[in-house]
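**Q** structure for the following, please:
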Amino acid sequence: AFFNMVEYLRHKMAVSVLLYPETEKRMQDVESLKKIWDNVDFFIYTPKTKTVRLPKIKHPFYYKWLQKIHASVTRKMNRQQIWTDETGEVVDLVRGKSTLFSSCFQPLDQGYVEYVSQVAHSGFDIIQVEFYELLSLGFLLPENVQTIFVHHELRYIRNEKEITLFREQTAGDRMLFHIAKDFERSALLKYKDVIVLTEVDRKIMEDFIGRKDHIYTSPAVVQVGDRLEQPFVPVQSGRLTFVGSEDHFPNLDAVAWFCHEVIPHLRKRHFSFTLQVIGKWRGECINRLQSEYPELKLAGYVEDLGSFLKGSVAVVPIRIGSGMRMKILDAVLSKVPFVTTAKGVEGIDFKDGEDCLIVDDPAGFAEAVIALSSNPQLQRQLVTHAEDSLRQVYNPGQMQERRLAVYEQILGDKVGIIVDTNGLIWDNDLINLFIKYQVVVRVSLDSLHGEINSKIRPTRDKKLRKISLSTTVNNIINYRNLKIPVLVHTVVTNTN
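**A** Coordinates of the predicted model:
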């Protein structure tokens, strides 16, 4: 979604991107991105490497051998440390993966903070921050810039749901929830504007931060291409798909809930099926699920998602989170019918029985999957209606124009200051004020011949006029080097 939006905006506005690639692989991705976005300015933060004095090793070969043994033993010990209850279930999976414990202020790399502060004071009209991990940057952004936070997922809403799913909720959990909620609210209020992805989130945000103005709804954008022009493929016997990586815990929770709660009902009905999970999955949890539920198959990364999804029923058993589920838009674009929970489709204007099937209880979810899998007519009906809804409500071109309109409105709210210096005034204190308040410097060149206010403007004396012109030009260059905008005003004559 971020890529699609920048890809559109870079042809409409001057766009700069500040990134912190923490691994060599991500740095390679950034280099690839630079080739695609050739008109985007990139600011790349690279932390300074620290010199660490290492101890001398008596016997390097022996030491290396010991390191290998240590790593091997550590891996084996970690594999043995699986906390389970009497049924063999991993104890409180939700608590172990909850974002609640990382939702309060987390200090950022100090060098990164200094770098962001430096770049932020470079004369931008708008500075936009995305993703919760960077929310605290609002406390250091300059006051004289239009600042925006794009909230993909309201964190306190997610925490609120997760805490209800803890097997045991403590007073400490509730205290931490309220501390994190207060941090989120105070950090959001440091931004002049907030963008959320759905109307549902916008209404929640209004109550949360106590204001209705400067909160905008701008849905995420997906690439459509010719996907809606592809033919509909009926569901193949018992083929279910789920899109999403394990890194985002609501996906892991969804797959675990489907396995533990829905699959037993499917088995009771003797429904033969496979659930293909698409995305990056690893770790003990998914391995245990596979061993207990052999119907679960890991598809890994898929090159052509649309083609892979065809002929399946997409399942979206999401219980946690807010924002927009891109997996639903992917299903609709691929002309694939889907069964979802109410939370999964929250904020997207798809209706039960018209665009999809919406069920929250496990038995009902299983029944919906079985009914949809065996009814090609219902599949086609839901796919066609969802496609029409997508074209009308979530047209990618309209979504992109909507985001651009938000930026134009935000810039339109800005009050500007123009200072007429005639290009001959250069005072460091004034320059600092110009930068702080984003002043536009007006330079009037029609006075380069004429005797008006000799203290500032040049007289008829040709020598003085030449010096003044040189000073004016140099000052204009200096203004621009400091990112101070300059408005040059003149009468069109041969002299000027």
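**Q** where exactly do the strands run in the stretch 301-450 of the chain?
**A** Taking DSSP state E, counting those that start in this stretch, the strands of the stretch 301-450 of the chain run over residues 313-316, 338-340, 357-358, 418-420, 440-444.
**Q** for the last one, the distance to its chain's centre please.
**A** The offset between the C-alpha centroid of strand 440-444 and the centroid of the whole chain comes to 39 Å, using Cα atoms, centre = their mean, to the nearest Å.
**Q** pull out the buried positions in it.
**A** Neighbour-count burial for strand 440-444 flags 441, 442, 443, 444 (criterion: 16 or more other Cβ atoms under 10 Å). Every residue, glycine included, has its C-beta placed from N, CA and C.
**Q** I'd say the third one and residue 476 touch.
**A** Yes. With contact taken as Cβ atoms under 8 Å, residue 443 and residue 476 are classed as touching, separated by 6.2 Å.
**Q** strands paired with whichever strand or helix holds residue 299, and their directions?
**A** Per DSSP states H and E, residue 299 falls inside strand 296-300. In the sheet, strand 296-300 lines up against strand 274-278 (parallel) (DSSP bridges).
**Q** quick check: next helix or strand after the partner strand?
**A** Going down the chain from strand 274-278, the next helix or strand is helix 284-292, by DSSP H and E.
**Q** helices or strands next to that next one in the packing?
**A** helix 249-257, strand 296-300 (3 or more Cβ pairs under 8 Å, 6 or more residues apart in numbering; DSSP states H and E).
**Q** put the alpha carbons of that helix into CSV.
**A** C-alpha atoms of helix 284-292 as CSV (Å, rounded to 0.1, in the frame of the first residue of the first chain):
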residue,chain,number,x,y,z
GLU,A,284,7.3,-23.8,16.6
CYS,A,285,3.7,-22.7,16.7
ILE,A,286,3.0,-23.3,13.0
ASN,A,287,5.0,-26.6,13.2
ARG,A,288,2.8,-27.8,16.0
LEU,A,289,-0.4,-26.8,14.1
GLN,A,290,0.8,-28.7,11.1
SER,A,291,1.5,-31.8,13.1
GLU,A,292,-1.9,-31.7,14.7
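**Q** give the buried residues for that helix.
**A** For helix 284-292, a neighbour-count test (16+ other Cβ under 10 Å) marks 285, 286, 288, 289, 290 as buried.
**Q** same question, stretch 317-336
**A** Residues of stretch 317-336 classed as buried by neighbour count (16+ other Cβ under 10 Å): 317-325, 327-336.
**Q** that older thread, give me whichever of the helices and strands packed on helix 284-292 is most buried.
**A** Per residue and on average, the most neighbours among the helices and strands packed on helix 284-292 fall to helix 249-257, with a mean of 22 (mean count of other Cβ atoms under 10 Å).
**Q** first-to-last residue distance for stretch 150-169?
**A** 31 Å (Cα to Cα, to the nearest Å).
**Q** now what about it, what contacts it?
**A** With contact meaning Cβ atoms under 8 Å, 6 or more residues apart in numbering, stretch 150-169 is reached by 1, 91-92, 94-95, 98-100, 103, 128-132, 173-174, 177, 180-181, 184, 188, 194-197, 201, 204-205, 208, 218, 220, 250, 253, 319-324, 343.
**Q** in JSON lines: the buried residues of helix 284-292, plus distance to residue 406 and pLDDT.
**A** Converted to JSON lines, these look like this (distance: Cβ to Cβ, whole Å; pLDDT from 0 to 100):
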{"residue": "285", "distance to residue 406": "39", "pLDDT": "85"}
{"residue": "286", "distance to residue 406": "39", "pLDDT": "87"}
{"residue": "288", "distance to residue 406": "45", "pLDDT": "88"}
{"residue": "289", "distance to residue 406": "41", "pLDDT": "90"}
{"residue": "290", "distance to residue 406": "44", "pLDDT": "89"}
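**Q** from those residues, which is closest to residue 363?
**A** Residue 363 lies nearest to residue 289 out of these, by Cβ to Cβ, at 20.1 Å.
**Q** would you put the C-alpha positions of the strand holding residue 299 in CSV?
**A** Extracted C-alpha coordinates of strand 296-300, given in CSV (Å, rounded to 0.1, in the frame of the first residue of the first chain):
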residue,chain,number,x,y,z
LEU,A,296,-2.8,-27.2,6.9
LYS,A,297,-0.3,-26.6,4.0
LEU,A,298,2.4,-23.8,3.8
ALA,A,299,2.6,-22.3,0.4
GLY,A,300,5.3,-19.8,1.2
